[in-house]
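**Q** Need coordinates for the following:
(one chain, ligands or ions: 2)
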Amino acid sequence: MSTSCCRMLSLMSLLPLLNATASFRPCPGSCLCYRSSDLVDCRSSGLDQVPSDVPKGTWLLDLSGNKVEDVHTRSFMGLWALRILLLSNNSIHTLHPQALLSLQFLERLDLSFNRLRSLPPDFTQSLSSLQELRLDHNLLKHLDSASLEDSDNLRKLDLSHNRIQYMDVRAFKSLSRLRLLNLQGNRLNVLMNGLLSRQQALEVLLLGHNNISTIEAEALAPLRSLTLLGLHGNQLEHIKFKTFLKLQTTSTHIQMSRNPWICDCDLQRVFGKIQHVRHLHVEDYKDIVCHAPPQQAGSLLASMDSQLCMAETATVLVITITVMIAVIGALIKAERNRKNKQAASDAESAEK
Ligand SMILES: *[C@@H]1O[C@H](CO)[C@@H](O)[C@H](O)[C@H]1NC(C)=O
Ligand SMILES: *[C@@H]1O[C@H](CO)[C@@H](O)[C@H](O)[C@H]1NC(C)=O
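**A** Ligands and ions are numbered 1, 2, ... in the order given. Alright, predicted model coming up:
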């Protein structure tokens with residue numbers, strides 16, 4: 001009797017507590033909340049803004065595939081526990097200043113497939129724990145020095161498929177732990193000296209499908225850990241051996257097909273030399289197609305390995321042979337003169 005009374009009592013005292021927990025942790029109308037894992041799933045729910053009643057303890061918030069257009073200063077207010085925030089495939093065109101201010105423990109942020117044209121200068125100001133940032137498939141045109149200033153824990157940065165033409169040379173200066181940088185499918189023209197000066201840890205650098213025609217002499221020098229360098233689908237006509245020799249790595253694979261290569265003896269020599277450097281591997285050498293001069297257009301560089309330097313070799317040969325003939329001629333003439341003089345002096349002494 002006494003035990004059942006006490007059981008009743010303890011249960012009754014627990015009830016208000018349970019209620020309180022429930023009222024502290026509401027679930028936004030169109031979302032599914034998994035309380036045991038602090039996960040809130042609001043995927044493809046037709047939301048046009050970030051719901052205001054996301055439980056404070058949420059660890060993962062998935063808002064992908066909605067119709068959110070802008071992220072306000074108060075959108076994520078108080079969500080201190082958030083580690084993963086997925087906002088891909090919305091229509092976000094504006095991130096208001098300090099919109100991400102409370103997300104100090106955020107590790108993954110996915111803003112891919114949106115409509116961002118620029119990043120606010122303080123974009124990563126409080127994102128000091130961020131390790132992975134996806135900004136691919138937006139409309140970014142440039143990258144300023146301040147936007148990514150405070151994310152020195154970033155390991156993966158995806159900026160592919162934007163319209164980036166200009167990047168401040170200091171844009172990546174605080175990202176010294178970066179391992180993957182994807183800039184594929186942008187409009188970059190030059191790979192600048194100094195842009196990657198802090199990226200000693202960078203392992204993968206994807207620059208394919210840009211408009212790069214120039215790689216500055218020191219641009220690759222800081223990349224001590226690089227294993228993959230994608231440069232296919234750019235506007236490279238020529239490269240310098242020294243620029244690639246500066247890659248002091250253990251092993252780097254390089255992709256360079258689909259560029260408008262001008263196949264001359266010089267280019268052939270550069271590729272020949274690169275292939276003799278043990279740690280450099282031109283992965284797609286067999287697919288490198290010449291764009292110019294007209295007589296080589298469409299041919300594979302690999303298929304005419306010694307041909308391109310033939311003309312040069314022939315010229316050198318002609319010059320050498322001409323010089324040799326002239327020297328031999330001169331020697332014969334000199335010898336003949338000597339003999340004539342000898343004969344004359346012999347005759348003279350015989351006369352005496
Ligand atoms: C984006 O979301 C829409 C609607 O939810 C969906 O149909 C589409 O497949 C998604 N696209 C991507 C790239 O995820
Ligand atoms: C691509 O680069 C060429 C020079 O190599 C330049 O003339 C052209 O304007 C560039 N295109 C874009 C879209 O930046």
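
**Q** What mean pLDDT does stretch 36-43 get?
**A** What stretch 36-43 shows for mean pLDDT is 93.

**Q** does ligand 1 sit close to it?
**A** No. Judged by C-beta under 6 Å from any ligand atom, stretch 36-43 stays clear of ligand 1, getting no closer than 7.8 Å. No exception for glycine: its C-beta is placed from N, CA and C like everyone else's.

**Q** Ends of that stretch, what's the gap?
**A** 19 Å (C-alpha to C-alpha, to the nearest Å).

**Q** what does that stretch contact?
**A** Residues outside stretch 36-43 that contact it (C-beta atoms under 8 Å, 6 or more residues apart in numbering) are 27-28, 30-34, 51, 54-55, 57-66, 81.

**Q** list the contacts for the residue nearest to Ile215 when sequence neighbours are not counted?
**A** Leaving aside its chain neighbours, Ile215 sits nearest to Leu191 (4.6 Å; criterion: C-beta to C-beta, 6 or more residues apart in numbering). Going by C-beta under 8 Å, 6+ apart, Leu191 touches 207, 212, 214-216, 219-220.

**Q** Kindly report the same for Gln104.
**A** Gln104 neighbours (C-beta under 8 Å, 6+ apart): 80, 126-129.

**Q** Low-confidence bits of this protein, can you list those?
**A** Low-confidence segments of the chain, defined by pLDDT under 70: 1-25, 305-306, 311-312, 350-352.

**Q** ok so Ala314 is a strand residue?
**A** No. Counting by DSSP: H, G, I helix; E, B strand; the rest coil, one finds Ala314 to be helix, located in no strand.

**Q** residues contacting the closest residue to ligand 1 within the stretch 201-350 of the chain?
**A** For the stretch 201-350 of the chain and ligand 1, the shortest gap (C-beta to the nearest ligand atom) falls at His209, measuring 18.5 Å. Counting by C-beta under 8 Å, 6+ apart, His209 touches 184-186, 232-234.

**Q** so how many other residues sit close to Arg258?
**A** Counted with other C-beta atoms under 10 Å, residues neighbouring Arg258 total 18.

**Q** Would you confirm that it contacts Gln235?
**A** No. Counting by C-beta atoms under 8 Å, Arg258 does not reach Gln235; the two are 10.2 Å apart.

**Q** still on that earlier bit, out of the contacts of stretch 36-43, which end up buried?
**A** Taking 16 or more other C-beta atoms under 10 Å as the criterion, what is buried in the contacts of stretch 36-43 is 27-28, 31, 33, 51, 54-55, 58-66.

**Q** any idea which of these is the one closest to ligand 1?
**A** Gly65 (3.5 Å).

**Q** which residues touch the closest one?
**A** Contacts of Gly65 (C-beta under 8 Å, 6+ apart): 43-44, 88-90.

**Q** try 10 Å
**A** By C-beta atoms under 10 Å, 6 or more residues apart in numbering, the residues touching Gly65 are 42-47, 86-90, 113.

**Q** Mark which of those are buried, thanks.
**A** Of those, these count as buried by 16+ other C-beta under 10 Å: 42-43, 45, 47, 86-90, 113.

**Q** farthest-separated two in the contacts of His209?
**A** Greatest spacing in those, by C-beta to C-beta: Asn186 and His232 (13.9 Å).

**Q** Help me confirm that Gln184 comes into contact with Asn210.
**A** Yes. Gln184 lies in contact with Asn210 (C-beta atoms under 10 Å); the separation is 7.5 Å.

**Q** possible to save the contacts of His209 as a markdown table with secondary structure, neighbour count and distance to ligand 1?
**A** Putting the contacts of His209 into a markdown table (DSSP: H, G, I helix; E, B strand; the rest coil; neighbours: other C-beta atoms under 10 Å; distance: C-beta to the nearest ligand atom, whole Å) gives the following:
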| residue | secondary structure | neighbour count | distance to ligand 1 |
| --- | --- | --- | --- |
| Gln184 | coil | 19 | 17 |
| Gly185 | coil | 19 | 15 |
| Asn186 | coil | 23 | 19 |
| His232 | coil | 21 | 24 |
| Gly233 | coil | 19 | 22 |
| Asn234 | coil | 23 | 26 |
